[in-house]
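pasted the sequence and its predicted model underneath.
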Amino acid sequence: MNELTDYIQKLEIGTPKNYKNITVIPLIGKNSGLDYMLLDEAISSGLRISETGSVPTLHFENNTGKEVLIMQGEYVVGGKQNRMITKHAYLEKGFNGEIPVSCVEQGRWSYQQPTWNLHMQPHPFIPTHQQEPNIRTNNEYRSGRKAAQSVCYAATRGQGAVWDEVKCLSANLGTHSATQNLEDTYSQKEGNINEYLSKFDYPTGAVGMIVVTKNNGNRKCGADIFDQSNSLKQNFDKLLESYVIEALNGHNENIKGTKKEAKEFLTKLQDAKAREEKAISLGTNYSIIGATIMGSTIVYKGTPLYLSFGSMSKQATIRPPEPWEPIPRPRPDPFEPEIEPYPIIRPYPFEPWRRPPTRPNSERYSGAFEPWRRPPTRPNSERYSGDPLMKRF
């Protein structure tokens with residue numbers, strides 16, 4: 001924890017920039033000089049990701065020739081379902097192992113169908129399985145986004161909390177996904193997100209930033225700090241997008257963050273407690289919990305590689321709609337079991353191999369008209385009384 005406080009005290013707070021209900025405050029610092037790759041670059045340079053057969057893990061194989069830094073909250077698209085990394089990782093060269101993840105697509109557990117490359121057409125006389133080199137499939141993983149802050153912090157409460165946050169984020173923004181996919185929420189709000197991203201540029205020399213947002217009257221702060229400026233430059237749009245997606249609810253509000261607010265927010269880290277955790281590969285992981293903040297970091301040889309913390313997030317809630325907005329209707333979840341609305345009450349235990357108890361004939365036949373049942377016959381003495389000629393028959 002001493003490494004964090006010393007590193008934070010050396011940072012210089014830059015000039016804030018505002019747009020609507022978001023303020024970005026850069027943090028200027030020195031570079032550590034470490035040479036590593038980030039997740040986006042590593043996937044295109046030899047980092048292989050594959051399924052393990054289990055939802056909460058993915059298998060990573062680092063063939064890039066460099067160490068790879070992975071941020072908590074980054075999510076990969078592809079495979080049997082989209083997943084979010086739940087723990088910072090600094091993968092060594094040749095790393096071959098599993099990394100914990102959380103599902104951000106509740107309604108799918110299967111590989112997606114292959115789609116043809118736009119520059120190639122399937123041959124009409126060659127079987128499809130022999131044309132695999134010319135087919136682009138979605139089974140390969142790709143990255144490019146970081147989950148919203150509320151979804152990211154919900155991973156500490158379990159998989160169910162992550163699904164709840166994804167559903168509430170979709171409901172609050174008025175988006176729909178057949179598989180409860182977080183990626184669909186981003187893609188359907190891409191125009192609004194690009195509006196915000198176009199108003200902010202990477203501040204030269206910054207190694208971190210503090211983002212102040214205001215959503216439905218709630219003012220929140222979040223910080224993302226790296227060990228070098230190049231890491232923030234590559235992830236600037238990705239990190240800012242994770243704040244914008246939640247700020248779209250209050251886009252009609254205005255906010256103006258200040259340097260004083262940023263300094264007060266950084267001092268809260270000194271009073272927080274850090275709990276050491278086992279690292280996935282290199283370095284040491286820490287969970288940070290304070291009175292009003294929570295976050296995590298990864299430290300390698302005394303250098304904080306990445307630090308992320310923000311205002312304490314509450315449990316997912318759906319905001320009440322405005323008078324002019326349609327009320328969001330809950331959509332059926334295909335993976336939830338069907339529950340009978342009314343219980344079936346049986347007078348006796350259901351045993352399919354046992355016939356229900358029968359009543360005696362005297363009770364079963366009450367004289368009602370039953371064409372399939374013959375009425376009880378009377379003796380011949382009553383049927384043919386007074387007719388001696390018919391008795392011989």
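Noted; the coordinates are in hand.

low-confidence ranges, the stretch 201-350 of the chain, go.
251, 313-350 (pLDDT under 70).

for it, what spans make up the strands?
206-215, 218-226, 273-277, 284-289, 293-300, 303-311 (DSSP state E, counting those that start in this stretch).

of those, which is nearest residue 6?
The minimum distance between residue 6 and these falls on strand 303-311, with 9.4 Å, by C-beta to C-beta. C-betas here are computed from N, CA, C, even on glycine.

quick one: list the elements packing against that closest one.
helix 2-9, strand 218-226, strand 293-300 (3 or more C-beta pairs under 8 Å, 6 or more residues apart in numbering; DSSP states H and E).

which residues touch the second one?
Taking C-beta atoms under 8 Å, 6 or more residues apart in numbering as the criterion, the residues outside strand 218-226 that touch it are 7-8, 11, 27, 29, 149, 207-214, 232, 235, 239, 243, 255, 261-262, 265-266, 295, 304-311.

check which helix or strand residue 169 maps to.
Following DSSP states H and E, one finds residue 169 within helix 159-173.

give the buried residues for the very next helix or strand once past that helix.
Note on helix 159-173: by DSSP H and E, the next helix or strand toward the C-terminus is helix 182-188. Buried positions in helix 182-188, judged by neighbour count with 16 or more other C-beta atoms under 10 Å: 182, 183, 184, 185, 186.

can you tell me what sits against the next helix or strand after helix 182-188?
As assigned by DSSP H and E, the chain's next helix or strand after helix 182-188 is helix 190-197. With C-beta under 8 Å, 6+ apart as the test, helix 190-197 has contacts from 19, 20, 22, 186, 237, 240, 241, 244, 245, 247, 248, 251.

ok, 7 Å please
Helix 190-197 has contacts (C-beta atoms under 7 Å, 6 or more residues apart in numbering) with 19, 22, 237, 240, 241, 244, 245, 248.

same deal with stretch 147-162?
Here stretch 147-162 has contacts from 72-73, 75, 84, 86, 102-104, 165-166, 169, 182, 222, 242-243, 245-246, 294, 310, 313, 316, using C-beta under 7 Å, 6+ apart.

how about a cut-off of 6 Å?
With contacts defined as C-beta atoms under 6 Å, 6 or more residues apart in numbering, stretch 147-162 is touched by 73, 75, 84, 86, 102, 165, 222, 242, 245, 246, 310, 313.

starting at the chain centroid, how far to it?
Computed by C-alpha atoms, centre = their mean, to the nearest Å, the chain-centroid distance of stretch 147-162 equals 7 Å.

got it, and stretch 28-35?
32 Å.

quick check: buried residues in it?
Buried-residue list, stretch 28-35, by 16+ other C-beta under 10 Å: 28, 29, 32.

then stretch 96-111?
99, 100, 101, 102, 103, 104, 105, 106, 107, 108.

which ones among the residues you listed are found in strands?
Judged by DSSP state E, the subset of the buried residues of stretch 96-111 located in strands is 99, 100, 101, 102, 103.

check what pLDDT the second one gets.
pLDDT recorded at residue 100 is 93.

what of residue 389?
The model's pLDDT for residue 389 equals 57.

now residue 386
pLDDT at residue 386 comes out at 55.

for residue 104, same thing?
89.

quick check: phi and psi at it.
phi -120, psi 20 (degrees, to the nearest 10).

pretty sure it is touching residue 181, no?
No. Assessed by C-beta atoms under 6 Å, residue 104 is found out of contact with residue 181, at 7.1 Å.

which residues touch the helix ranked longest in the chain?
When the chain is scanned for its longest helix (criterion: DSSP state H), the result is helix 229-247. For helix 229-247, the surrounding residues in contact (C-beta under 6 Å, 6+ apart) are 21-22, 38, 146, 148, 193, 196-197, 202, 205-207, 211, 213, 215, 224, 226.

so that helix versus strand 206-215, what angle?
0 degrees (axes from the mean of the first three to the mean of the last three C-alpha atoms, to 10 degrees).

with distance to residue 63 added, can I get the ones in strands among the buried residues of stretch 96-111 in a markdown table?
Converted to a markdown table, these look like this (distance: C-beta to C-beta, whole Å):
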| residue | distance to residue 63 |
| --- | --- |
| 99 | 15 |
| 100 | 21 |
| 101 | 20 |
| 102 | 25 |
| 103 | 26 |
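
among the contacts of helix 190-197, which two are most distant?
So, these by C-beta to C-beta: farthest apart are 237 and 248, at 15.9 Å.

leaving aside the residues next to it on the chain, what's closest to residue 297?
residue 307 (4.2 Å; C-beta to C-beta, 6 or more residues apart in numbering).

the one you found: how many residues sit nearby?
24 (other C-beta atoms under 10 Å).

and for residue 237?
As a measure of burial, residue 237 has 18 neighbours, counting by other C-beta under 10 Å.

returning to that earlier point: can I get the strands of the stretch 201-350 of the chain in CSV with distance to residue 175?
As requested, the strands of the stretch 201-350 of the chain are arranged in CSV below (distance: least, C-beta to C-beta, whole Å):
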stretch, distance to residue 175
strand 206-215, 16
strand 218-226, 21
strand 273-277, 34
strand 284-289, 31
strand 293-300, 27
strand 303-311, 23
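
hang on, the earlier thing: closest to residue 94 among the buried residues of stretch 28-35?
Residue 94 has its nearest neighbour among the buried residues of stretch 28-35 in residue 32, at 22.4 Å by C-beta to C-beta.

residue contacts, the closest one?
So residue 32 contacts 227, 228, 303 (C-beta under 6 Å, 6+ apart).

and the gap between it and residue 303?
Taking C-beta to C-beta, to the nearest Å as the measure, residue 32 falls 5 Å from residue 303.

what sits in contact with each of the two?
Common neighbours of residue 32 and residue 303 (C-beta under 6 Å, 6+ apart) are residue 227.

any stretches of the stretch 51-200 of the chain with poor pLDDT?
109, 111-141.

having no further points to raise, I will conclude here.
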